[in-house]
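1. A structural model of the following input is requested.
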Amino acid sequence: MDDAATRVDAEWDAGGMGCGELVLELRFLLDTMKPGQIMKLTARDHGAPIDIPAWCRMTGYELFQQDGDRYFVRRPIVKEV
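-> Take a look at the predicted model:
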């Protein structure tokens, strides 16, 4: 994915932060964003390629692109009933 073609609303470089702490901080950061906005996350922890997609599936956040150590996560749009 070409970053220039992706509208990114926020970026966070988590470096080598372990996934336990990483997903807590990621949740906090995403919760400050508006529904539908996109976070570009850079994570270099060796468990990130497995942990981040699994966390997104479990929490309802959309991981729509993974490119090496870059993850593009969208805050879900809440549909009113």
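
2. Check the gap between M33 and P76 for me.
-> 11 Å (CB to CB, to the nearest Å). All C-beta atoms are positioned from the backbone trio N, CA, C, and that covers glycine.

3. nope, E62 is what I was after
-> 6 Å.

4. Also T32?
-> 14 Å.

5. out of the two, which sits in the busier spot?
-> Ranked by neighbour count (other CB atoms under 10 Å), T32 and P76 place P76 first, with 14 against 10.

6. before we move on, what SS does that one have?
-> Secondary structure for P76, judged by DSSP: H, G, I helix; E, B strand; the rest coil, is coil.

7. Can you verify my assumption that D51 contacts L26?
-> No: using CB atoms under 8 Å, D51 makes no contact with L26, being 10.5 Å away.

8. More neighbours: the two, which one.
-> L26 (24 against 17).

9. what sits against that one?
-> Shown in contact with L26 (CB atoms under 8 Å, 6 or more residues apart in numbering): 12, 14, 39, 41, 55, 73.

10. again, only using 10 Å
-> 12, 14, 17, 19, 39, 41, 43, 52, 55-56, 59, 61, 71, 73 (CB atoms under 10 Å, 6 or more residues apart in numbering).

11. again with I52
-> 14, 19, 22-23, 26, 41, 43, 45, 61, 63, 66, 71, 73.

12. Now for the residues you listed: which two are most distant?
-> Spatial extent of those (CB to CB) is set by the pair D45 and Y61 at 17.7 Å.

13. Next, work out how far apart R44 and P76 are.
-> On the measure of CB to CB, R44 and P76 end up 26 Å apart.

14. ok, now G18?
-> Relative to P76, and taking CB to CB, G18 is found at 25 Å.

15. now do L30
-> Taking CB to CB, one finds L30 at 9 Å from P76.

16. any idea which element the residue nearest the centre of the chain lies in?
-> For the chain, the residue nearest the mean C-alpha position is V73 (3.5 Å; CA atoms, centre = their mean). V73 belongs to strand 70-74 when assigned by DSSP states H and E.
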